[in-house]
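In: Here's a sequence, model it:
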Amino acid sequence: MNITGFPYLGRMNMKTSDRLAAIPMSGIRKMFDLAGPGSINLGLGEPDLAPPQAAIDGMCEASRAGKNKYAPTAGIPELRNAVAERFSRFGPLTGQNIIITPSGSTALLEATQSFVDPGDEVLVPSPGFVIYAPHAKLAGGIPVEYRLTEGDFQPDLEDIQAKITPRTKMIIVNTPTNPTGGVITKEIRDALADLAADRHIMILADEVYCEFIYEGKHESFLPYLDRALVVNGFSKMMAVTGWRMGFIAANPECMEALIKMQYHVCASPNMPAMYGVLAALPGIDPYLDRARQVFRARRDLITKRINEIDGMHLMPPRGAFYAFPSFDLKMSSQELANRLAKNGLICTPGSAFGSYGEKHLRFSYAASEEKINTGMDILASTMKQLRGQGL
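Out: This next block holds a predicted model:
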């Protein structure tokens, strides 16, 4: 018997799968793990606001009432209908178009697992959220980066068209975007929808930040469910990231596949949490109005502070709660992020979000103004020191 107490473990083939081994750990989590005592953490996109009281009460009441069992695989009908009613302002929906998922991240994973075959190419935005390319790989697909335009961070249509091949199955689109805060225009959205129809390509639209827009309006892909899946969620909307609650909107044919996949992933979503979301959703607008006021003020603060620093530039983000400034130092974004971490400020290097994210940093302003100001003090002093060294 070996020291583990399991006699056969040493002889078992417990090698990690090649598909998982080929995927690096999230750059966001890597930086989070570097945080020392007292560090200012502007690395995670987690709202510091309290959830709506109705959500907490609804979840607790459901649990006390015995609603702690398996739910329908697609979620409780009442919540599916309530989600369809709220989001039908963007496009025609019924509850049959909605599947409730255990987080927006799981929704994205289930979408790629349901529709991407080995060898299929998946176009992913760069800079773009860190899980898009790994999800494509886990499905056996091949992620192909497409560029977002500098400054306003719109999908570069020419670059997308140049990278479409006969093997292209899916284009992933994010609006408002993480990490950039960009918001897709109606012209770009419609052009992407037309391109998808012409080339018989599916769109996977991640719209989890749609409630947090400060200029312009949200241009959803919900009117295009004949060619798109739309992922959204409640973690950011209601500041309940730990509940892990999301949803997908899809046409009936795609919905059948998604429900089948979700059964094999988790059987069903969290029953009490669904009732919590259901209780808060009808009266969520005043809560969201206040949240947008808070985040807009923080956005204005971090934009002002960053643009006061020599060697850094940021156009005000139009949505979400991320700032993605560029810098002009002769070092990589990972090197700069590491230096900032040593000085007590946690952010995420732009390279974590794809090759087009290099020479940028991502800061989350889902933190208090006090933390933002302290973090920007560290950023300013670090940049001054590095520029003084000729870097």
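In: In the helix or strand harbouring Asp377, which residues are buried?
Out: Using DSSP states H and E, the element containing Asp377 is helix 369-388. By neighbour count with 16 or more other C-beta atoms under 10 Å, helix 369-388 contains the buried residues Lys371, Ile372, Thr374, Gly375, Met376, Ile378, Leu379, Ala380, Thr382, Met383, Leu386, Arg387. For glycine as for every other residue, the C-beta is placed from the backbone atoms N, C-alpha and C.
In: same check, this time on stretch 280-288
Out: By neighbour count on 16+ other C-beta under 10 Å, the buried set for stretch 280-288 is Ala280, Leu281, Ile284, Tyr287.
In: Let me see the backbone angles for the closest residue to the third one other than its chain neighbours.
Out: The one in question is Ile284. Spatially, and ignoring its direct neighbours in sequence, Ile284 is nearest to Pro52 (6.5 Å; C-beta to C-beta, 6 or more residues apart in numbering). According to degrees, to the nearest 10, the main-chain angles of Pro52 amount to phi -60, psi 140.
In: ok, Pro52 to Leu288 distance?
Out: Applying C-beta to C-beta, to the nearest Å, the value for Pro52 to Leu288 is 9 Å.
In: What of Cys266?
Out: Using C-beta to C-beta, Cys266 is found at 28 Å from Leu288.
In: before we move on, the earlier item: and the furthest pair within the buried residues of helix 369-388?
Out: Using C-beta to C-beta, the pair of these lying farthest apart is Lys371 and Arg387, separated by 24.3 Å.
In: sorry, back to before: enumerate every residue touching the residue nearest to Ile284.
Out: Residues in contact with Pro52, defined by C-beta atoms under 8 Å, 6 or more residues apart in numbering, are Met238, Ala280, Gly283, Ile284, Tyr287.
In: Now the element after the helix or strand of the chain with the lowest mean pLDDT, going C-ward?
Out: Using mean pLDDT, DSSP states H and E, helix 27-33 stands out as the lowest-scoring helix or strand of the chain, at a mean of 61. Next in sequence after helix 27-33, counting helices and strands by DSSP H and E, comes strand 40-41.
In: Report how many residues lie close to the nearest residue to Ser381 once chain neighbours are set aside.
Out: Excluding the flanking residues, the one nearest Ser381 by C-beta to C-beta, 6+ apart is Asn343, at 7.5 Å. By other C-beta atoms under 10 Å, 14 other residues sit near Asn343.
In: Please list all residues in contact with Asn343.
Out: Contacts of Asn343 by C-beta under 8 Å, 6+ apart are Ile378, Ser381, Thr382.
In: How much space separates the second one from Leu340?
Out: What that stands for is Ser381. Distance of Ser381 to Leu340, given as C-beta to C-beta: 10 Å.
In: Next: the first one.
Out: Using C-beta to C-beta, we find Ile378 at a distance of 7 Å from Leu340.
In: how about the longest helix seen in the chain: buried residues?
Out: Counting by DSSP state H, the longest helix found in the chain is helix 284-307. By neighbour count with 16+ other C-beta under 10 Å, helix 284-307 contains the buried residues 284, 287, 291-292, 294-296, 298-299, 302-303, 305-306.
In: quick one, helices of the stretch 51-200 of the chain?
Out: Applying DSSP state H, counting those that start in this stretch to the stretch 51-200 of the chain gives helices spanning 53-64, 77-87, 104-115, 132-138, 157-163, 186-199.
In: Any chance you could list what contacts the last one?
Out: Going back to what we said before, that points to helix 186-199. With contact meaning C-beta under 8 Å, 6+ apart, helix 186-199 is reached by 154-155, 157, 160-161, 164, 168, 171, 173, 175, 201-203, 219-221, 224, 226-228.
In: so how far is that helix off the chain centroid?
Out: In terms of C-alpha atoms, centre = their mean, to the nearest Å, the centre of helix 186-199 is set 22 Å apart from its chain centre.
In: how about that helix: buried residues?
Out: Buried residues in helix 186-199, counted by 16+ other C-beta under 10 Å: Ile188, Arg189, Ala191, Leu192, Ala193, Leu195, Ala196.
In: Could you do the first one as well?
Out: Across helix 53-64, burial judged by 16+ other C-beta under 10 Å covers Ala54, Ala55, Ile56, Gly58, Met59, Ala62.
In: the inter-axis angle of that helix versus helix 284-307?
Out: Angle, helix 53-64 to helix 284-307, by axes from the mean of the first three to the mean of the last three C-alpha atoms, to 10 degrees: 120 degrees.
In: Would you mind pulling up the elements that helix 53-64 packs against?
Out: helix 271-280 (3 or more C-beta pairs under 8 Å, 6 or more residues apart in numbering; DSSP states H and E).
In: domain assignment for this structure?
Out: 9-50+286-388, 54-284 (automatic domain parsing).
In: which one of these is the most hemmed in?
Out: domain 54-284 (a mean of 20; mean count of other C-beta atoms under 10 Å).
In: what is the mean pLDDT for that one?
Out: For domain 54-284, mean pLDDT is 97.
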